[in-house]
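J.: The sequence isn't on hand, but the structure is:
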């Protein structure tokens, strides 16, 4: 299922809030629940900030891209290395993360594309957080995007 980046972000934020706060509707009516514990607030904020930091590397669906012909694709920004990777059934494309976006141009100083050859089976990417997989028969090609960079494995 494909979601817009905004919908994915909002879903993530609501889920994080509910998971970290651990509150239910029963607690909301309890007057004692309004008392704040600064230590737990600090821990909550640190947890939310860390979850947001990690989510910045998630693979998401993008209807408008900077790929040739502006084809929709999965994409993963990498702020640590200032790169953006697009994932299509044919392969992946890496380019500068923000270049061409600020001025609306569809140009970058470099574009690096590659695809797996020698395997005839096409595969639709399957996404889980910051990981994306291509299942090609008995072979699984995978990528993980994090602050260390983009890792590929088989």
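T.: Great, that's in hand. Everything numeric here is computed off the predicted structure, so don't read it as measured data.
J.: CA atoms for contacts and neighbours, from now on please.
T.: OK.
J.: what is the rounded mean pLDDT of the strand ranked longest in the chain?
T.: Ranked by residue count under DSSP state E, the longest strand found in the chain is strand 139-146. Average pLDDT, strand 139-146: 95.
J.: Can you give me the buried ones in that strand?
T.: Neighbour-count burial for strand 139-146 flags 141-146 (criterion: 16 or more other CA atoms under 10 Å).
J.: could you dump the residues you listed to TSV with distance to residue 152?
T.: As requested, those are exported to TSV (distance: CA to CA, whole Å):
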residue	distance to residue 152
141	7
142	6
143	4
144	7
145	9
146	12
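J.: For the residues you listed, work out which two are farthest apart.
T.: Longest distance between any two of these is 17.0 Å, between 141 and 146; criterion CA to CA.
J.: got a list of what the nearest residue to residue 147 once chain neighbours are set aside touches?
T.: Leaving aside its sequence neighbours, residue 147 sits nearest to residue 80 (CA to CA, 6 or more residues apart in numbering; 5.4 Å). Neighbour list for residue 80: 147-149 [criterion: CA atoms under 8 Å, 6 or more residues apart in numbering].
J.: Could you tell me which ranges of the protein sit under the pLDDT cut-off?
T.: 1-40, 100-107 (pLDDT under 70).
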